[in-house]
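Sequence and predicted structure are below.
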Amino acid sequence: AQSVAQPEDQVNVAEGNPLTVKCTYSVSGNPYLFWYVQYPNRGLQFLLKYITGDNLVKGSYGFEAEFNKSQTSFHLKKPSALVSDSALYFCAGVTGGGNKLTFGTGTQLKVEL
Amino acid sequence: GAVVSQHPSRVICKSGTSVKIECRSLDFQATTMFWYRQFPKKSLMLMATSNEGSKATYEQGVEKDKFLINHASLTLSTLTVTSAHPEDSSFYICSGKFAYEQYFGPGTRLTVT
């Protein structure tokens, strides 16, 4: 069975500080992993993906994520948070070649001044 | 990038009526489209997978007679909520699959009064 876990419902960080949003996965085969961001009453916006290759993936808006096979993790990071980064973040995964994305439960990021 | 639109963005309907939501891939052909439902501050729940020219595959617990899905062309899928009730009020999001990625629409807020 495939699963993606986001252990934190909410993450609070001060503007300018680094942020991390955690994600672990349990996906059979070679995982394709994604991060999406959702602003209120909006659809999901793609941030970045890991398919193969370098474990460190750089994405939109200064976000990056590191694929760690031994820890089955794909944490989202940003060196310096902005208030405008406050949103709901979803990690998702699928087995390579598979059809259905499995989503984590989402993490609400709140960046405060 | 690949763009998916949804129409309408918001709809209010009376209990017992039906409402149709359109999902269009604007700049790519999506042989597979997905319909999700999202409750407030919750993750996305996959309702069904829609393949062009064939019947949709519904997830367990989703009533196929209530949530009618049609995928008549490579760029259009529709979700019709039949005989809507207040408990059907939700945020509905579609996505189109291209290669190994899904591209999400902006969502439709359905309110049933």
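Sure, I can see it.

List, one by one, the residues from chain B near chain A.
Selection of chain B residues close to chain A by Cβ under 8 Å from any Cβ of the partner chain yields B:1, B:4, B:6, B:32, B:34, B:41-44, B:46, B:49, B:91, B:93, B:95, B:97, B:100-107, B:109. C-beta coordinates here come from the backbone N, C-alpha and C atoms, glycine included.

residue nearest the centroid of chain B?
What sits nearest the mean C-alpha location of chain B, by Cα atoms, centre = their mean, is B:Trp35, with 3.8 Å.

check contacts around that one.
For B:Trp35, the contact set (Cβ atoms under 8 Å, 6 or more residues apart in numbering or on different chains) comprises B:Cys23, B:Leu46, B:Met47, B:Ala48, B:Ser50, B:Phe67, B:Ile69, B:Ser77, B:Leu79, B:Tyr92, B:Ile93, B:Cys94.

Quickly name whichever of these is closest to A:Leu88.
B:Ile93 (12.6 Å; Cβ to Cβ).

so which strand or helix has the closest one?
Per DSSP states H and E, B:Ile93 falls inside strand B:90-98.

What's the first helix or strand after that strand?
Sequence-wise, the next helix or strand downstream of strand B:90-98 (DSSP H and E) is strand B:101-104.

For that following strand, which helices and strands make contact with it?
Under the contact criterion of 3 or more Cβ pairs under 8 Å, 6 or more residues apart in numbering or on different chains; DSSP states H and E, strand B:101-104 touches strand A:44-50, strand B:90-98.

Identify, out of those strands, the most deeply packed stretch.
With neighbours taken as mean count of other Cβ atoms under 10 Å in any protein chain shown, the helices and strands packed on strand B:101-104 reach their highest mean count in strand B:90-98, at a mean of 24.

Return the mean pLDDT over that strand, rounded to an integer.
Mean pLDDT, strand B:90-98: 93.

Identify the bridge partners of A:Tyr32.
Beta bridges link A:Tyr32 to A:Val94, judged by DSSP bridges.

coming back round to it: as JSON lines, the contacts of B:Trp35 with secondary structure would be great.
What follows is the contacts of B:Trp35, written out as JSON lines (DSSP: H, G, I helix; E, B strand; the rest coil):
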{"residue": "B:Cys23", "secondary structure": "strand"}
{"residue": "B:Leu46", "secondary structure": "strand"}
{"residue": "B:Met47", "secondary structure": "strand"}
{"residue": "B:Ala48", "secondary structure": "strand"}
{"residue": "B:Ser50", "secondary structure": "strand"}
{"residue": "B:Phe67", "secondary structure": "strand"}
{"residue": "B:Ile69", "secondary structure": "strand"}
{"residue": "B:Ser77", "secondary structure": "strand"}
{"residue": "B:Leu79", "secondary structure": "strand"}
{"residue": "B:Tyr92", "secondary structure": "strand"}
{"residue": "B:Ile93", "secondary structure": "strand"}
{"residue": "B:Cys94", "secondary structure": "strand"}
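
out of the residues you listed, who's nearest chain A?
B:Ile93 (5.3 Å; Cβ to the nearest Cβ).

residues contacting that closest one?
Each residue near B:Ile93 by Cβ under 8 Å, 6+ apart is listed here: A:Gly43, A:Leu44, B:Gln6, B:Trp35, B:Tyr36, B:Arg37, B:Gln38, B:Leu44, B:Phe104, B:Gly105, B:Gly107, B:Thr108.

In this structure the last one contacts B:Ser9, no?
Yes - at 6.1 Å, B:Thr108 and B:Ser9 qualify as touching, with contact defined as Cβ atoms under 8 Å.
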